[in-house]
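A.B. asks: Structure for this input, please:
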Amino acid sequence: MRVLVIDDEANIRKTTSVALDGMGHETAAAEDSASALKQLEAAQFDAAFLDLKLNSESGLELLPKLLKSNPRLDVVVFTAYASIENAVEAMRAGAVDYIPKPFTPEQIRQVLGRIVQRRKLEGRVAELESRLSNDSPTADLATVEPAVQKAFDMALKAAATPATIMILGESGTGKTILARMIHENSPQRENAFVTVSCPSLSRELLESELFGHIKGAFTGALAETWGKVSRADGGTLFLDEIGDLPLEIQPKLLRLLQEREYERVGEAKTRKANVRVIAASNRNLDQAVKDGRFREDLFYRLNVISFRVPSLRERKADVGRIATNCLSFFARQCGKKVEGFSDEASQAMQNYGWPGNLRELRNVVERAVILANGNRIELADLPENITHAPASVPTNGSVAVPGSPISLEELENQHLRKIISQASTMEEAAAILGIDPATLYRKRKKLGL
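C.D. replies: Residues are numbered from 1 along each chain as shown. From the prediction side, this is the model:
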């Protein structure tokens, strides 16, 4: 943590800072209220040790000002004037703990340990509340398909180890759900699970989101940030669609994986982070390495344990059960008594190729529940592309050849997915397909990529 020591005695400031530094924390010191507030304005702190007597100033009067400047600051009060009354007054003013002078390094360690533990519990509760309030069906990792079960079994075996894991598979196959399952079955499960979406930001913003930055590091950096690597310290860092990670950032990620070290943008100080990395990609990373779009050394470092999540068209035996689970969720959410699918609707869903995988299935069931007039989903409640689709055939991840017993739309969708996964940019993919980039973006959005 980053800790501010506020005391009018130079010796106390020095000894407390030395003790905190020895425990791996970063410290700063202030001798009066003006200096303390100035430091809080300039930088972000996690905790502060505050003396109740600052020469002619009162620490109790400074305490609410500190909390106003940084509401998440955990303030620990210490004083030579220890008494029950002072402790109660400090707690009422917002302090989280109290240490009498003289104190030992072990007392400092214990009080910070309690703060760290409480923050972990708060983070865990916030994560659980967020997931409970999420408008998505509960993750279902049961399967009757041997290939899928093999991937799940490998994930559970790897979860107990500190190994870096690579999850491959098409968009919408549940890679994020599987990554979270690995975290929850790992020794890091009590700490944070932090997701970084690699394609979502520009190179500059992605680097800042990953590693953090100091104030003034670039235009718009009005305050310092710690970044998601810092947030994931002790837990799991999930890098979604790692194939889109810019080349300029790849050496810094490699350093984090190999040496557990990183630097914030604009800062020369080297920091440590003990994070377990899980990466996911829908791209062919072997081809990306050959094309020079992905570092070979980073690929091998990420690829310690690798497995592929099969697409939904490769796990047809699971479609009915997954659809039923989604149905129960959306029926409760919409307040409707929809209890199942008609035989015709079930057969149509079984025949469909599901190019958008689990994500498309979820959307289709949600739509059907909304449109349903009775207590069952009928064929008319499903989209036309599903009701009119002929039976699809498993393709094991490859594009079906012309003449396969699948619809023209399914053949086009498979070809689009393959070209997009292999191309380095959407513009390159559009050029290969011979269509306008804007058209490709619309098709890509429709596919849920």
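
A.B. asks: The residue nearest to the spatial centre of the chain sits in which helix or strand?
C.D. replies: Nearest to the geometric centre of the chain sits T195, at 1.5 Å (Cα atoms, centre = their mean). T195 is part of strand 193-197, with elements assigned from DSSP states H and E.

A.B. asks: Which of the residues in that strand are classified as buried?
C.D. replies: By neighbour count, and taking 16 or more other Cβ atoms under 10 Å as the criterion, the buried residues in strand 193-197 are F193, V194, T195, V196. C-beta: built from backbone N, CA, C; applies to glycine.

A.B. asks: Quickly list what the first one is bridged to.
C.D. replies: Going back to what we said before, that points to F193. According to DSSP bridges, T236 are recorded as the beta-bridge partners of F193.

A.B. asks: most distant residue from the middle of this structure?
C.D. replies: Checked over the chain using Cα atoms, centre = their mean: the farthest-from-centre residue is S56, at 47.6 Å.

A.B. asks: in the stretch 251-400 of the chain, which spans are helices?
C.D. replies: Taking DSSP state H, counting those that start in this stretch, the helices of the stretch 251-400 of the chain run over residues 285-290, 296-302, 319-334, 343-351, 357-371, 384-387.

A.B. asks: of these, which approaches T176 most closely?
C.D. replies: The stretch from the helices of the stretch 251-400 of the chain with the least distance to T176 (Cβ to Cβ) is helix 357-371; that distance is 10.4 Å.

A.B. asks: Output the closest one in CSV with nothing but the alpha carbons.
C.D. replies: Extracted in CSV, the C-alpha atoms of helix 357-371 (Å, rounded to 0.1, in the frame of the first residue of the first chain):
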residue,chain,number,x,y,z
ASN,A,357,-22.0,-19.5,-29.8
LEU,A,358,-23.3,-19.1,-26.2
ARG,A,359,-23.7,-15.4,-26.5
GLU,A,360,-26.1,-15.8,-29.5
LEU,A,361,-28.0,-18.6,-27.8
ARG,A,362,-28.5,-16.4,-24.7
ASN,A,363,-29.8,-13.5,-26.9
VAL,A,364,-32.2,-15.8,-28.9
VAL,A,365,-33.7,-17.3,-25.7
GLU,A,366,-34.1,-13.8,-24.1
ARG,A,367,-35.9,-12.6,-27.3
ALA,A,368,-38.1,-15.7,-27.4
VAL,A,369,-39.2,-15.3,-23.8
ILE,A,370,-40.2,-11.7,-24.4
LEU,A,371,-42.3,-12.6,-27.5
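
A.B. asks: Contacts made by stretch 267-278 with the rest, please.
C.D. replies: Residues outside stretch 267-278 that contact it (Cβ atoms under 8 Å, 6 or more residues apart in numbering): 24, 162, 164-167, 179, 182-183, 186, 188, 213-214, 217, 229-230, 232-239, 256-257, 260-264, 302.

A.B. asks: Recalculate using a threshold of 6 Å.
C.D. replies: The set of residues that contact stretch 267-278 without belonging to it, under Cβ atoms under 6 Å, 6 or more residues apart in numbering, is 162, 164-165, 179, 188, 214, 229, 232-234, 236-238, 260-263.

A.B. asks: For it, buried residues please.
C.D. replies: Taking 16+ other Cβ under 10 Å as the criterion, stretch 267-278 shows R271, A273, V275, R276, V277, I278 as buried.

A.B. asks: In CSV, list those along with pLDDT.
C.D. replies: Compiled in CSV, the buried residues of stretch 267-278 are given as follows (pLDDT from 0 to 100):
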residue, pLDDT
R271, 88
A273, 89
V275, 94
R276, 95
V277, 96
I278, 97
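
A.B. asks: mind checking how far the strand or helix carrying I115 is from the chain centre?
C.D. replies: Under DSSP H and E, the secondary-structure element containing I115 is helix 105-133. Between the centre of helix 105-133 and the centre of its chain there are 18 Å (Cα atoms, centre = their mean, to the nearest Å).

A.B. asks: Could you list the domains of this structure?
C.D. replies: The chain breaks down into these structural domains: 2-116, 152-308, 312-387, 408-447 (assignment by automatic domain parsing).

A.B. asks: By mean pLDDT, show me the worst of those.
C.D. replies: Within those, the least confident segment by mean pLDDT turns out to be domain 408-447, at a mean of 79.

A.B. asks: buried sites along that one?
C.D. replies: 410-411, 413-414, 416-421, 423-424, 429-430, 433, 440, 443-444, 447.

A.B. asks: Isn't the residue nearest to the centre of the chain up against T236?
C.D. replies: No - taking Cβ atoms under 6 Å as the definition, T195 is not a contact partner of T236, at 9.3 Å.

A.B. asks: Count the residues that sit near L247.
C.D. replies: Neighbourhood size, L247 [other Cβ atoms under 10 Å]: 12.

A.B. asks: Helix or strand for it, just tell me which one.
C.D. replies: Per DSSP H and E, there is no helix or strand for L247.

A.B. asks: separation between it and V289?
C.D. replies: With the distance defined as Cβ to Cβ, to the nearest Å, L247 ends up 12 Å from V289.

A.B. asks: and among the helices of the stretch 251-400 of the chain, the most buried is which?
C.D. replies: Comparing the helices of the stretch 251-400 of the chain by mean neighbour count (mean count of other Cβ atoms under 10 Å), helix 357-371 ranks first with a mean of 20.
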